[in-house]
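> Need the 3D shape of this:
(2 chains)
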Amino acid sequence: MFYAEAVVKPLGDLYVTVEFGDELSLELNFRVIALDRALREARVAGVTETIPTTRSLGVVYDPLTLSRERLVARLRELERSATAVRAVPSRHVTIPIWYDDPWSRECAAAHGAPNNVALLAELNGMTVADVIRTHAGTDHWVSAVGFTPACYQALPLDPSKALTAPKYQRPRKWTPERILCIAGQLTSFYPVASPGGYQLLGRTPIELYDPKQQNPVFRDSPVLPRVGDRHTYVPIDEATYREIRREVDAGAYRYQIEEDTYRLDDYLARVEAMKRGRSGT
Amino acid sequence: MIRVLDAGPLPLTTVQDLGRPGHLRYGIPPSGPMDRLAFVAANRLVGNADGAAGLECALVGPRLEAMRPCAIAVTGADMAPTVNGERRPRWTAIALRAGDQVRLGPAKAGMRAYVAFSGGIDVPPVLGSRATYMRGQLGGLEGRALRKGDTLRLFDAPIPPARRVVDPPDADPGLEVTVRVVLGPEADRFTEAGVKAFLTGAYELLQQSDRMGARLRGPRIAHARGHDIISNGIALGTVQVPGDGQPIVLLVDRQSAGGYTKIATVCSFDIGRLAQQKPGRHVRFQAVDVAEAHRLLHEHRAATDRLVLETIGQRMEKS
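A predicted model of the protein is given here:
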């Protein structure tokens, strides 16, 4: 559901959330990103931090500098101009993945779960190879970053390539680091070893979180993913995984990142095309 | 320089400053002290800026040795600090000579003690802050808790005049601590009886609580329609209620977003008192509206500012 007008709700005395709707949608995420950019550019005194998530923007403020009434009025003003934004800067990031890797297999088995990629194949009525082809066959839009540093959520940009996956019934006690995972149609990531309930897809040899900020790509932040990034996942085999991992360990890995722009209408046209394709068959 | 003679069996003492705001958008929490007022008071006592790096000790404190003269102040929980075996007052600047040994014991009242050193601890800032974020292995001493054998460099600073906080807050929040909350943003996802249970029940603070979140157990908070939401932002103090109906208050090392329903958020000025509650004791929640919360915040900030003025010109504590 899209709300007719964004809803501003308080979280205690120092935080409000601006909520645009209650569904997973690139269109809602565009509104979040647009308001985030507008608010940051406006440099409103008293706003100390903004946190974009898939369908809402968190705003941390100091009410002794900026009253709630004035903050809300300002947010309304900026929101009206922000809804018109149809294109945003979007980096294109290539991430190699060893799908159905042995660490994921071992982790699932240790928690009494079936092979997660095999389960996805069964639930989506395709082969394991198809699951990998489908998942790697579309770019994924990073709609939120957070939970832990460098954890993110990403939506498939080609809706015909959306897989569905249930969460674990009982969350796992542990997951190895650098594992790519999926629940619902959202791809996510475990940057560090942590508990979790998403189905495990595969493992990347590259770091998306570097607390020591050693590789130059981490110069500004130890976290690589940004809201509005597009990820391409490239299936790799064991030999390539190990080779890239050696480069990462030696500090010599060159991240593949391109600055670019993404237009919402490109996405909407794809959705239309898919609908037409469906009604035509 | 300060040498760590003993940091206890658990990783519970960390370097903190006022934290690293601005990185929640990358999933990096602000960290910083759980009891901000006690932390700031300790810094002011030794003549530091409010944001100088000091130590937060949870449950039990470390044993330290001063390698050169400096001043320290211990605030927050009562860990019965001693210098060379002799009891020393808390909330008071204490001059140390080279070789003096400071010991903080188990917390007799309260949960978290703060130790400020004149000059402040000199560790490299990460993203503009020296605060330790252990889960993310960031800040402080290599992103970890203190260990036996560590040394802490201090910035050069003059030994400040002796002073104390005249009327320090009580270290013991009592068997039940009441904290103020603003209801929302998903309070409508709970039944009326669920919200009532939350606002009238006493919730036991569980052992698994840490700087990320206070886990509580008490009257079940019933959901009206499911506990899963499309994940959205989480503030300091946000009370998340997963499917089991038991609340978790998210704190300074919290996740930046989450997919469980949030019934309310504890006001920033009451986080310090919650942080001093011990596991096994209880927490109660009292609803206020945003206007009232802002009035209370104003009062709380004024009280923090007054802390300084009352410390000047008090009796000298000789070591």
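> Next, the buried residues of stretch A:223-234.
Neighbour counts over stretch A:223-234 (16 or more other CB atoms under 10 Å in any protein chain shown) mark A:223, A:224, A:225, A:226, A:227, A:228, A:229, A:230, A:231, A:233 as buried. For every residue, glycine as well, the C-beta is placed using N, CA and C.
> Dump those residues into JSON lines; add secondary structure, pLDDT and distance to residue A:210 as well.
Listed next are the buried residues of stretch A:223-234 as JSON lines, based on DSSP: H, G, I helix; E, B strand; the rest coil; pLDDT from 0 to 100; distance: CB to CB, whole Å:
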{"residue": "A:223", "secondary structure": "strand", "pLDDT": "96", "distance to residue A:210": "8"}
{"residue": "A:224", "secondary structure": "coil", "pLDDT": "97", "distance to residue A:210": "8"}
{"residue": "A:225", "secondary structure": "coil", "pLDDT": "97", "distance to residue A:210": "12"}
{"residue": "A:226", "secondary structure": "coil", "pLDDT": "95", "distance to residue A:210": "15"}
{"residue": "A:227", "secondary structure": "coil", "pLDDT": "96", "distance to residue A:210": "19"}
{"residue": "A:228", "secondary structure": "coil", "pLDDT": "96", "distance to residue A:210": "21"}
{"residue": "A:229", "secondary structure": "coil", "pLDDT": "97", "distance to residue A:210": "16"}
{"residue": "A:230", "secondary structure": "strand", "pLDDT": "98", "distance to residue A:210": "21"}
{"residue": "A:231", "secondary structure": "strand", "pLDDT": "98", "distance to residue A:210": "17"}
{"residue": "A:233", "secondary structure": "strand", "pLDDT": "98", "distance to residue A:210": "20"}
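> ok, now which ones touch residue A:25?
The neighbours of residue A:25, taking CB atoms under 8 Å, 6 or more residues apart in numbering or on different chains as the test, are A:2, A:55.
> what pLDDT does it get?
Residue-level confidence at residue A:25 comes out at 90, pLDDT.
> and chain B, which of the buried residues of stretch A:223-234 contact it?
Among the buried residues of stretch A:223-234, proximity to chain B is found for A:223, A:226, A:227 (CB under 8 Å from any CB of the partner chain).
> so is residue A:183 in a helix, a strand, or just coil?
strand (DSSP: H, G, I helix; E, B strand; the rest coil).
> ok, now residue A:51?
Per three-state DSSP, residue A:51 ends up strand.
> Tell me which stretches of chain A form helices.
A:26-42, A:68-82, A:102-110, A:116-123, A:128-136, A:238-249, A:264-280 (DSSP state H).
> Grab the CA positions of the one helix or strand in chain A whose mean pLDDT sits lowest and hand them over as PDB.
Lowest mean confidence among the helices and strands of chain A (mean pLDDT, DSSP states H and E): helix A:264-280, at a mean of 84. These are the backbone C-alpha positions of helix A:264-280, laid out as PDB (Å, rounded to 0.1, in the frame of the first residue of the first chain):
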ATOM      1  CA  LEU A 264      12.500   4.800 -12.100                       C
ATOM      2  CA  ASP A 265      10.700   4.700 -15.500                       C
ATOM      3  CA  ASP A 266      13.100   2.000 -16.700                       C
ATOM      4  CA  TYR A 267      11.900  -0.200 -13.900                       C
ATOM      5  CA  LEU A 268       8.200   0.700 -14.400                       C
ATOM      6  CA  ALA A 269       8.500  -0.100 -18.100                       C
ATOM      7  CA  ARG A 270       9.900  -3.500 -17.300                       C
ATOM      8  CA  VAL A 271       7.000  -4.200 -14.900                       C
ATOM      9  CA  GLU A 272       4.500  -3.200 -17.600                       C
ATOM     10  CA  ALA A 273       6.300  -5.400 -20.200                       C
ATOM     11  CA  MET A 274       6.100  -8.300 -17.800                       C
ATOM     12  CA  LYS A 275       2.400  -7.700 -17.200                       C
ATOM     13  CA  ARG A 276       1.700  -7.500 -20.900                       C
ATOM     14  CA  GLY A 277       3.700 -10.700 -21.500                       C
ATOM     15  CA  ARG A 278       1.700 -12.500 -18.900                       C
ATOM     16  CA  SER A 279      -1.700 -11.400 -20.200                       C
ATOM     17  CA  GLY A 280      -0.500 -12.300 -23.700                       C
END
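> what angle do it and helix A:26-42 make?
170 degrees (axes from the mean of the first three to the mean of the last three CA atoms, to 10 degrees).
> ok, how many other residues are close to residue A:114?
Number of residues near residue A:114 (other CB atoms under 10 Å in any protein chain shown) recorded here: 11.
> which residues sit in contact with it?
residue A:108.
> isn't residue B:117 right up against residue B:47?
No: counting by CB atoms under 8 Å, residue B:47 is not a contact partner of residue B:117; they are 10.5 Å apart.
> so what's residue B:224 closest to, chain neighbours aside?
Spatial nearest neighbour of residue B:224, excluding adjacent residues (CB to CB, 6 or more residues apart in numbering or on different chains): residue B:191 at 4.8 Å.
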